[in-house]
Structures are given as C-alpha cells and as structure tokens.
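Engineer: Below: sequence and its predicted model.
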Amino acid sequence: MTNSARLQWVYAWLLLSPALVLLVTFTHYPAIKSIIASFYSTARGKRQSVYIGLDNYHTLVADPVFWKVLSNNFWYAVWTIPLSIALSLIMALWVNEKLRGLAFLRMAYFTPTVLPLIAVANIWLFFYTPGFGLIDQIRGLFDLPEQNWMGSPNTALYTMIAVAIWKEAGFFMIFYLAALQTIPPSLRDAAAIEGASKVYFFRRVVFPLLMPTTLFVSINAVINSFRLVDHIFVMTEGGPNNASSLLLFYIYETAFKYWDTAYAATLTTVLLMILTVLAIGQFFFLDKRVHYK
Amino acid sequence: MLTSLLKTASAAAIATLTTVGVAQAVDLEFYFPVAVGGAAADTIEALTAEYVAANPGVNIEAIYAGSYTDAGTKALTAARGGKPPQLSVLLSTQMFTLIDEDVIVPFDDYVADADKDAWIGGFYPSFMENSQTGGKTYGIPFQRSTPVLYWNKEAFAEAGLNPDVAPATWDDMVEFGKKLTKKDDAGNVTQWGVRIPSAGFPYWMFQGLSTPAGAILANSDGNEVNFNDPKVVEALEYLVALSAEHGVMQPGAIEWGPTPKAFFEGETAMMWTTTGNLTNVRANAPFDFGVAMLPAKERRGAPTGGGNFYLFKDSTEEQKQAAVDFVKWITEPEQAAVWTIATGYVAPRPDAWETDAMKAYTADFPPALVARDQLEFAVAELSTYENGRVTQALNDGLSAAIAGEKSAQEALDEAQAAAERILRPYK
C-alpha cells in the first residue's frame, strides 16, 4: 500500500469513528452483553450470577405470560402498522391539495406527534373513562350503556392500539407529504392529457413513486409496534391480567419490577432476534419493489 | 465556544477544590420519591435544608427520584453499580427485595440501646409490620398512608340516607349502594353506589376486603402467602358481586387516576382511595363529603401503604451514623407534623398527633383523624421476597376474577400456586 492510500484509510476511519464509538457504546455492546447475560442466572445479594446454559430459555418457553405478550404484540403490530400507514397516506394526500386553512390542518394532523406519549396517554385515559369519559358521553347521547373499554380483557389491547395509531399517523404523514411535494407536476399534466383517471394516476404513478417512503415508514412502523409502550404505563399497566401487556413492557417489568435481570436479558434477546429478522426481511422483500431515482 | 468550555471546566475545578477544603463534614445523598403532587418535594427539601443549617457537620443532598417505582429502580440500580445513596425513602413493601439484594442494613446497630424503645418503639405498630423482620428494623416509617372511604353527603341525603353515617359493614355498603345507584330512563347507570379502583395493582384495595374478612395474605418472614384461604376467596367473591350481583359498582377493572374525578363529578357516591388524596378532595369536591374507615366484616381492617426510610449498606460508618441521626430528627413530632399537614400522609407516631400544630390542624379538619384511628386495625401491605412477581401473581388472579374470566376460587388457587413456585427458594 502506498503512503497516500494508507492515509486515505486512516482518514476514512477517523470520519467514521464518532458515529462508531456512539453506536458501539450504546447499541452494539449492550446488545451483545444482553445476549451473554441471558445464559447466566440473576445475581441476588450474596448469590453470584452463574452460567446456567439455556435454563432461561426453558423458563421462557414455559412462561405463559411470555406467550401472551407475544401474541398481544402480534395483534398490536397487525393493527397499528397497516392502519397508521394507510391513515397517514390519506391525510398526506388530502393536505397536499390546495385547501383553505391548509396550514392549520397540517398542524392539527401533526400535533399528536409533538405531544409526548405520556401526555397523550393521560388525555386518552379520560376519553376512555367509563361514564363521564368523552367516548361514553357521546354514546350517552344515543342512550347507549357505558363501556369499560380499558377494564375489559377483550378490549384493553385495542384501546392501546387506537392510541398508537393516533400518535403515529401524523408523524408518517410528514414523510408522505414531503415525498408528494417532490413529484413533478408535469407527470400529473401528462396523465391528464392521456385521460388517466385520478385513481389510475395514483395507482400507477404516485404510489410507485412513494415506495421509498413507504419502505422507510413501514420499517419505522414495525419498530414502533415493538417500541411504543409508554402509554401502557399510564393507562393499563399491562392489565387486566396481562391483556394489554406487550413484549417491551414485560421486559421492563421483569427487569425493574421483578429485578430478574437475567430473564429480562433473555426476553431482550428474543426481541432483538424478532426485530433483526423483520428488518432484514423487509429490506430484501420490499427493496425489489422500490424504485429509487 | 472553547473559551466558555474552559471557563466552565475551571469553575468546576475551583468548586471541587473549595468543597474539598471544607469537607471534613459528612456528605450524604438521600433519594426521595413523590407520589402525590409538588408540596411533598418542597417540604422534604425545606426540612433537609433546615437540618443542614442546624448541623454544620453534615451535608445532605436531597434528590427527587420520581415516582415510587422510579425511586426504587434508581436506588437499586445505583446500589448494584456500587454507588448507592446513603439513605432513601422507598416503598415499605420493597424491604424483602432490598434485603435479598443485600443492599441495606438494619437501623438497630446505629441506635443507642437507651433510645431504641423511645424512638423505634414509638411508631404505630401497624406501620412497623412492614418495617421489621427477623427481629431487626430495616425501615423507618415516614411517608405512610392507608385507604379510607370517602362519601358524598349530598348524594346520601338525596337517596334518603342519613348524610352523616357511612356504611359500617359490608352488608351496609351493598344496601347503601343499592339506594345510591341511579339509572336514567334508558336503564343506564348515571350514579354508581361505590367505586373501588382495581386497575394495574388491585391487591392494595383488595387488602381492604381480605383483612376485614379475617385473612392475612403473607407471613412476616415474607416467604409464605395465603392467597386461597377461604376468607380471601370470600373477600374476592364479595368484590366481584358488587358489580355482578348487586349492580352497585361499575363492572370491569376500575382506573385509579380518574377515581377522585369520578367522585367529584357525581359518577359515584362513595369511593375507596388513599388518604394521600385527602387534600385533593378537600380542595376540589363541590359538595359536602365525609371520610370513614373501610367497612367491617368479621373485623375492621385495612392495609397500610407508602414509604419507609432505608439505610444503604455501601457507605462508611460515619455516613451511616449521620444518616440515622437525620432520620431520627425528621421523624420527631414537630417535623412529622409539618410533613403531615403539608401532604396528608399519616403521621407515623402517636406523639406527633399531640403537637400543637397537629391539634390545630385536626380541629380544623377532623377527617384527617380517620386514617390515624384506622391504624389500630391496619395490617402490613402485602410484602414478600420476590415482591414484584408474587404481587403480580395475585394481581393477575384478582383481575381475572374481576373481569369474569375465572371464578374467585380458581383465580386465587392459581395465584397461590404461582406464588408458591416463586417463593420456594426462600423457605
């Protein structure tokens, strides 16, 4: 290697190092450490942590709460991902038109994103409250009986899903809106001259051009379906009887309420694996359908 | 940019040098949680500052550590990382967990024998149940509470009940509840008889039923539980029947947060909640209200709740001694009175109620005495080794029964089996 080539390498590494240091310290090292910790027992006071092989994983397989939260998380993802993306796309298409009060409408759609999730949860808590909550007051106008949405195991998870969709859609809308504004107006004119209908134009021109955004948004939506749990702390604490508990919430409970850090590490490892598989799958599967410029 | 950085750095260096200069004094770090509003934080900080001003030998840094859960998490994480606070107020139910983690020491070794009876013996015995085990005192009661029944006097009068008499027994509560439950023409309930919050952690209020039924949920060694005792089953059946059979309480899990609001809005005529809400209800209830002890079955009874002082292990002997001296001072009658009046927490010692300040306060606001009088019948809040898990097993069972997924017997049998499995290593 010549001197100048070597210098280039050094230069490259120097440029990469700040990001690398942060990523390794706060992401890679803790992740690997968690995987290692999942093969050890939890240290308690004078009892040291010892290597126990796959014991934590056996506990995991036999843990009914784990399977419950996993299935909850599945349904949470199944509902929040498509609904929040579809809603955000509809909102973006709408506020991309020329309307009166456009700035106000855009801001209104974006407000849920600006509000912290804990504040949002506190607001929704009073929407759902039976009797004098907003939803029941509206139902009361039609003489419908009051409903304890958060207090029933059949509906508790769906109350959490609704909050997540409400919270996320505005955020995704911003990305779609930005993407829509980059679509050249000449395409619309051309389609109009050819006599293409609005629906056809959307299906064959706009939607394909939005694919890179859809990929980005859907990856975010998938990650968020595992990550957005703050409202559960405020609203149901995973109850009743784990009906609204999600994987990440269960990890927090295990680590900081039960102080079983080794088992929490095991759960974290499972979460990591799920997210890795999903992210890789998404890139390979969707990348083929994405048209970059 | 660089200059300002340098300035800050040198200022910090100078500050460090100065502190080292004076630092013959003992430095203490003290974590405290706040569960109800801002007055509590201000009061703790003011009391700490007062103590430091009067005792030049000590320097105490009072650190607000969030909710009870947050404070517990912070203190344990710090202890595991080898840098615990010397002193912390944490949930009284965390005693066994903290012992198990080997991060706290008993207070006994730092109290002169002559003082032991006067100081440690001077707290209400029901508060000490959650503070002592194996003959040692690991917790000093400070931020303690107990659930009580609040009733709406106007609603009582409207229903033809004596507005000055609260239900004294379980049967009374059902009977009153039936009179108080109002429906509109469509048959929808507009006012419930009673509201017992049960979402998230139903076990605490449930102890307000299991204790009067005559059951004690856990032993004092924290390694045995009694979840499927027939009396506990009876208590749970009663709780479920309030909605399912008698129709006097809203069905399903009931949230804690909106409970006082439901009371103010006339959504419920009676509510069970902590004495920590006393000041809130006094300020916000738009009607005349009363406060009573929880109704009795075989006996009267309720759990205690709230936080204790804990002494952390990983500190010098001087720090421990200084910490104990501070705890002793802050629980003295005068300081306890200041604390109770500012927050509504129950003063943990009988002598605090004898101070002039407390006498004036209770003369002006007699409901504050109800909690104190209930202490005679109160028992320890459920606390065991592996407390989070064991409590969760009971919570899950209670929620399942409240939601109607399981019968009371079935749900409690399962909770008992789960708890026994968790506690096996501690026998």
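Structural biologist: Thanks, I have the structure now.

Engineer: Three-state assignment for the residue nearest to residue B:267 when sequence neighbours are not counted, please.
Structural biologist: Once flanking residues are discounted, residue B:267 sits nearest to residue A:131: 4.6 Å by C-beta to C-beta, 6 or more residues apart in numbering or on different chains. (C-beta placed from N, C-alpha, C; glycine too.) Using DSSP: H, G, I helix; E, B strand; the rest coil, the structure places residue A:131 in coil.

Engineer: Repeat that for residue B:30.
Structural biologist: Residue B:30 ends up strand, using three-state DSSP.

Engineer: tell me the helices in the stretch 1-150 of chain B, going along the chain?
Structural biologist: B:2-22, B:39-54, B:68-80, B:95-100, B:113-119, B:125-128 (DSSP state H, counting those that start in this stretch).

Engineer: Then the stretch 151-300 of chain B?
Structural biologist: According to DSSP H, counting those that start in this stretch, the helices that the stretch 151-300 of chain B contains are B:153-158, B:170-180, B:203-210, B:230-244, B:259-264, B:278-284.

Engineer: Need the CA coordinates for the fifth one. PDB is fine.
Structural biologist: Spelled out, it's helix B:259-264. Written as PDB, here are the backbone C-alpha positions of helix B:259-264 (Å, rounded to 0.1, in the frame of the first residue of the first chain):
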ATOM      1  CA  THR B 259     -61.300   7.900  40.700                       C
ATOM      2  CA  PRO B 260     -61.300  11.200  42.500                       C
ATOM      3  CA  LYS B 261     -62.700  12.900  39.400                       C
ATOM      4  CA  ALA B 262     -65.500  10.300  39.300                       C
ATOM      5  CA  PHE B 263     -66.300  11.200  42.800                       C
ATOM      6  CA  PHE B 264     -66.300  15.000  42.200                       C
END
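
Engineer: Helix or strand: which one has the spatially most central residue of chain A?
Structural biologist: Geometric centre of chain A, nearest residue: residue A:224, 1.0 Å, by C-alpha atoms, centre = their mean. For residue A:224, the host element (DSSP states H and E) is helix A:211-227.

Engineer: Of all the residues in stretch B:374-382, which ones are buried?
Structural biologist: B:374-375, B:377-382 (16 or more other C-beta atoms under 10 Å in any protein chain shown).

Engineer: can the helices of the stretch 151-300 of chain B go into JSON lines with extra columns for mean neighbour count and mean pLDDT?
Structural biologist: Output for the helices of the stretch 151-300 of chain B, formatted as JSON lines (neighbours: other C-beta atoms under 10 Å in any protein chain shown; pLDDT from 0 to 100):
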{"stretch": "helix B:153-158", "mean neighbour count": "18", "mean pLDDT": "95"}
{"stretch": "helix B:170-180", "mean neighbour count": "19", "mean pLDDT": "95"}
{"stretch": "helix B:203-210", "mean neighbour count": "25", "mean pLDDT": "95"}
{"stretch": "helix B:230-244", "mean neighbour count": "20", "mean pLDDT": "95"}
{"stretch": "helix B:259-264", "mean neighbour count": "21", "mean pLDDT": "90"}
{"stretch": "helix B:278-284", "mean neighbour count": "16", "mean pLDDT": "85"}
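
Engineer: Quick check: residue B:297 vs residue B:178, distance?
Structural biologist: 18 Å (C-beta to C-beta, to the nearest Å).

Engineer: For residue B:307, state which of the buried residues of stretch B:374-382 is nearest.
Structural biologist: residue B:381 (10.9 Å; C-beta to C-beta).

Engineer: hang on, isn't residue B:308 packed against residue B:140?
Structural biologist: Yes: judged on C-beta atoms under 8 Å, residue B:308 makes contact with residue B:140 at a distance of 5.9 Å.

Engineer: Give the residues shared as contacts by those two.
Structural biologist: When contacts are counted by C-beta atoms under 8 Å, 6 or more residues apart in numbering or on different chains, residue B:308 and residue B:140 have residue B:131 as shared neighbours.

Engineer: Report the secondary structure state of whatever residue of the stretch 151-293 of chain A ends up closest to chain B.
Structural biologist: Nearest residue of the stretch 151-293 of chain A to chain B (C-beta to the nearest C-beta) works out as residue A:151 at 3.2 Å. Following three-state DSSP, we place residue A:151 in the coil state.

Engineer: pLDDT score for it?
Structural biologist: Note on residue A:151: pLDDT of 85.

Engineer: Grab the nearest non-local neighbour of residue B:162.
Structural biologist: Nearest to residue B:162 is residue B:156, by C-beta to C-beta, 6+ apart, at 7.0 Å.

Engineer: and what of residue B:176?
Structural biologist: residue B:167 (4.9 Å).

Engineer: ok, now how distant is the one you found from chain A?
Structural biologist: 21 Å (C-beta to the nearest C-beta, to the nearest Å).

Engineer: That residue is in contact with residue B:178, isn't it?
Structural biologist: No: Residue B:167 lies out of contact with residue B:178 (C-beta under 8 Å); the separation is 11.3 Å.

Engineer: Residue B:133 contacts residue B:218, correct?
Structural biologist: No: the criterion here is C-beta under 8 Å, and residue B:133 misses it with residue B:218 at 11.2 Å.

Engineer: Run through the residues that contact residue A:39.
Structural biologist: Residue A:39 neighbours (C-beta under 8 Å, 6+ apart): A:51-54, A:56.

Engineer: Please report phi then psi for it.
Structural biologist: Dihedral angles of residue A:39 (phi, psi; degrees, to the nearest 10) stand at phi -100, psi 0.

Engineer: and if you look at residue A:169?
Structural biologist: Dihedral angles for residue A:169 - degrees, to the nearest 10 - are phi -60, psi -40.

Engineer: Likewise for the one 5 residues further on?
Structural biologist: Summarising the backbone geometry of residue A:174 under the convention degrees, to the nearest 10, its torsions are phi -60, psi -40.

Engineer: For it, which non-adjacent residue is closest in space?
Structural biologist: Nearest non-adjacent residue to residue A:174, counting by C-beta to C-beta, 6+ apart: residue A:110, 6.5 Å away.

Engineer: do the same with residue B:303
Structural biologist: Distances taken as C-beta to C-beta, 6+ apart put residue B:207 closest to residue B:303, at 3.8 Å, once the chain neighbours are dropped.

Engineer: and that neighbour, what does it touch?
Structural biologist: B:217, B:302-303, B:379, B:381-382.

Engineer: Please apply the same query to residue B:398.
Structural biologist: Neighbouring residues of residue B:398 by C-beta under 8 Å, 6+ apart: B:198, B:202-203, B:206, B:236, B:411, B:415.

Engineer: Just the closest of these to residue B:342, please.
Structural biologist: residue B:203 (28.5 Å).

Engineer: where's the closest one relative to chain A, distance?
Structural biologist: Going from residue B:203 to chain A by C-beta to the nearest C-beta gives 12 Å.

Engineer: For stretch A:253-272, which residues meet the burial criterion?
Structural biologist: Quick answer for stretch A:253-272 (16+ other C-beta under 10 Å): A:253-271.

Engineer: Might you specify the subset of those residues located within strands?
Structural biologist: Counting by DSSP state E, none of the members of the buried residues of stretch A:253-272 fall within strands.

Engineer: Name the SS class of residue A:21, please.
Structural biologist: Applying three-state DSSP: residue A:21 is helix.

Engineer: Span of stretch B:365-382 from start to end?
Structural biologist: 30 Å (C-alpha to C-alpha, to the nearest Å).

Engineer: Low-confidence stretches in the chain?
Structural biologist: Using chain A. In the predicted model, chain A carries pLDDT under 70 at residues A:1, A:289-293.

Engineer: that answer is for a different chain, and I need it for chain B
Structural biologist: Within chain B, the stretches with pLDDT under 70 are B:1-24, B:35-38.

Engineer: what's the burial count for residue A:18?
Structural biologist: 9 (other C-beta atoms under 10 Å in any protein chain shown).

Engineer: All good on my end, thank you.
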